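S.K.: With the sequence up front, the predicted model follows.
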Protein chains: 2
Amino acid sequence: MGVAAQTMDSVFRALADPTRRLVLERLTRGPESVSGLAAPFDMALPSFVEHLRVLEDCGLVNSSKAGRVRTYRLVPKRLRQAEDWLARQRHLWERRLDQLDAYLLEMKEKRS
Amino acid sequence: MGVAAQTMDSVFRALADPTRRLVLERLTRGPESVSGLAAPFDMALPSFVEHLRVLEDCGLVNSSKAGRVRTYRLVPKRLRQAEDWLARQRHLWERRLDQLDAYLLEMKEKRS
DNA sequence: TGAATACTTAGGTATTGACCTAAGTATCAG
DNA sequence: CTGATACTTAGGTCAATACCTAAGTATTCA
């Protein structure tokens, strides 16, 4: 059925940080090294690398090392799973828009 | 342009907990009271209410109190913003599928 | 080979998150 | 008006997160 809850936990958790989201956005322009990814951020390298570890642990990216350079790239699968959950929720929510209508009506009544 | 980063932070953070996701799923069946939402969970009420606070603080739900009963309901806006971010990312990622192809090719080479 | 580069490891601090128990307030039902 | 109900507040523990500095290892290049 659904994706394991722990997977969803770790993916949403990873997305809940602006540094990590910016890294993902950067990677949409192509693979990049650790120092290349770190450059825009005013943060000690070990701290930044920890963000990369979070992204890799949850499967949003992967990496490989050639010589002394480690290169990161996107892995679409997890992001798609997260999007699927959200899309399914939104679908269900919209079937419940009558709730919202009821709420708006209630607000209108309060105002008058 | 985009939604404020802090908003995205708090929404993804809220989604990164299985209890909170289950609450959202429950609310797609309609508004519900605190105790009604809490019933399925083996958790002290104050702990559970804290989850509701997180959901309300980030705008995924709202609540109103009538007498001694507080009722929660979904608010679609934030979820849609989160979905939009993910959809945009996925779109960009897919335009980069050549990266993935390159990676898969690399793996194939390693295996041989 | 020796210095520079690109991470990596080790370990420390401060805040936040997820839970708990105990006790409080506000409403409603009889 | 009294007890039960439905939260709410107060405060405490424990683990995880997001940073840091300092020092290490592994490559590459002159």
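M.R.: Yes, it's here.
S.K.: Next up, the contacts around A:Gly59.
M.R.: Residues in contact with A:Gly59, defined by Cβ atoms under 8 Å, 6 or more residues apart in numbering or on different chains, are A:Thr7, A:Ser10, A:Val11, A:Val75, A:Lys77, A:Arg78. C-beta: built from backbone N, CA, C; applies to glycine.
S.K.: To which secondary structure element is the second one assigned?
M.R.: The one in question is A:Ser10. Secondary structure assigned from DSSP states H and E places A:Ser10 in helix A:5-15.
S.K.: Of the contacts of A:Gly59, keep whichever come out buried.
M.R.: In the contacts of A:Gly59, burial by neighbour count holds for A:Thr7, A:Ser10, A:Val11, A:Val75, A:Arg78, counting by 16 or more other Cβ atoms under 10 Å in any protein chain shown.
S.K.: Mind putting these into JSON lines with distance to DNA strand C and pLDDT?
M.R.: Conversion of those to JSON lines gives the following (distance: Cβ to the nearest atom of the strand, whole Å; pLDDT from 0 to 100):
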{"residue": "A:Thr7", "distance to DNA strand C": "16", "pLDDT": "92"}
{"residue": "A:Ser10", "distance to DNA strand C": "12", "pLDDT": "97"}
{"residue": "A:Val11", "distance to DNA strand C": "14", "pLDDT": "98"}
{"residue": "A:Val75", "distance to DNA strand C": "17", "pLDDT": "93"}
{"residue": "A:Arg78", "distance to DNA strand C": "19", "pLDDT": "91"}
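S.K.: near chain B too, which of those?
M.R.: A:Ser10, A:Val75 (Cβ under 8 Å from any Cβ of the partner chain).
S.K.: Go through the buried ones among the contacts of A:Gly59 and say which is closest to DNA strand D.
M.R.: Compare each of these with DNA strand D using Cβ to the nearest atom of the strand and the shortest gap goes to A:Ser10, at 8.0 Å.
S.K.: can you tell me how far the closest one sits from A:Gly59?
M.R.: As defined by Cβ to Cβ, to the nearest Å, A:Ser10 lies at a distance of 8 Å from A:Gly59.
S.K.: Alpha carbons of the lengthiest helix in chain A, as CSV, please.
M.R.: Of all segments of type helix in chain A, defined using DSSP state H, the longest is helix A:76-94. Extracted as CSV, the C-alpha positions of helix A:76-94 are listed here (Å, rounded to 0.1, in the frame of the first residue of the first chain):
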residue,chain,number,x,y,z
PRO,A,76,13.8,11.2,-8.0
LYS,A,77,12.1,8.3,-6.2
ARG,A,78,11.7,9.6,-2.7
LEU,A,79,10.5,13.0,-3.8
ARG,A,80,7.9,11.4,-6.0
GLN,A,81,6.7,9.4,-3.0
ALA,A,82,6.4,12.5,-0.9
GLU,A,83,4.6,14.3,-3.7
ASP,A,84,2.2,11.3,-4.1
TRP,A,85,1.3,11.5,-0.4
LEU,A,86,0.6,15.2,-0.7
ALA,A,87,-1.4,14.8,-4.0
ARG,A,88,-3.5,12.1,-2.5
GLN,A,89,-4.2,14.2,0.6
ARG,A,90,-5.0,17.2,-1.5
HIS,A,91,-7.4,15.2,-3.5
LEU,A,92,-9.2,14.0,-0.4
TRP,A,93,-9.2,17.5,1.1
GLU,A,94,-10.8,18.9,-2.0
